[in-house]
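> Give me a 3D structure for the following:
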Amino acid sequence: MSIVKIKNKKGLEQLQAKLTLRLGRKPTQQETLDYCLILANQNFEKIIEIAMHIPILNPEKAHKIIKDRNDLKGIPYNSDLQFDSQDDEDVYNS
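Below you'll find the model as predicted:
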């Protein structure tokens, strides 16, 4: 058996509570996750849609970021610039 860290523990508990009300018994977290896996496998394209919103760094994107940085490195920074936020002031003008 594997140990899996769940970031949205509250979401799992809410789903478990809804299932409890509908089923008339409290499913275990393992059962609830098993149901989710069954549903996810049946609706794989929907999972892909959800996962596509997570940005992925691939070699092409990394190359573009490095190229953009190198293109901008010759632009001098104005150290006399004042920022509204003290945090920004500390970061950019220290």
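
> What does the pLDDT read for Ile54?
With respect to pLDDT, Ile54 has a value of 78.

> Quick check: Ile6 vs Thr28, distance?
For Ile6, the distance to Thr28 (Cβ to Cβ, to the nearest Å) stands at 14 Å. Every C-beta, even on glycine, is put in place using the N, C-alpha and C of the backbone.

> An error on my part: the question was meant for Leu81.
57 Å.

> Tell me, please, where in this protein the pLDDT is lower than the cut-off.
1, 94 (pLDDT under 70).

> List phi and psi for the residue lying farthest from the centre of it.
Distance from the C-alpha centroid of the chain, by Cα atoms, centre = their mean, peaks at Asp80 (36.7 Å). Main-chain dihedrals, Asp80, degrees, to the nearest 10: phi -90, psi -10.

> if you skip the residues just before and after it, what's nearest to Phe83?
Distances taken as Cβ to Cβ, 6 or more residues apart in numbering place Glu89 nearest to Phe83, at 4.6 Å, with adjacent residues excluded.

> The one you found contacts Leu81, doesn't it?
No: contact criterion Cβ atoms under 8 Å: Glu89 and Leu81 do not qualify, at 9.3 Å.

> Specify which residue of the two has the higher count of neighbours.
Neighbour totals were compared for Glu89 and Leu81, and Glu89 leads with 13 against 10 (other Cβ atoms under 10 Å).

> roughly how far apart are the more buried one and Tyr35?
52 Å.

> which SS class is the residue nearest to the spatial centre of the chain?
Residue closest to the mean C-alpha point of the chain, counted by Cα atoms, centre = their mean, is Ile54 at 5.9 Å. Assigned state for Ile54: coil (three-state reduction, DSSP: H, G, I helix; E, B strand; the rest coil).

> what's it sitting at in phi/psi?
The phi/psi pair for Ile54 (degrees, to the nearest 10) is phi -90, psi 120.

> same question, Gln82
phi -110, psi 140.

> Check the one 4 residues further on too.
Reported as degrees, to the nearest 10, the phi and psi values for Gln86 are phi -60, psi -30.

> For the helix or strand containing the residue nearest to Phe83, give me every contacting residue.
Per DSSP states H and E, Glu89 falls inside helix 86-92. Helix 86-92 is contacted by residues Tyr77, Leu81, Gln82, Phe83 when judged by Cβ atoms under 8 Å, 6 or more residues apart in numbering.
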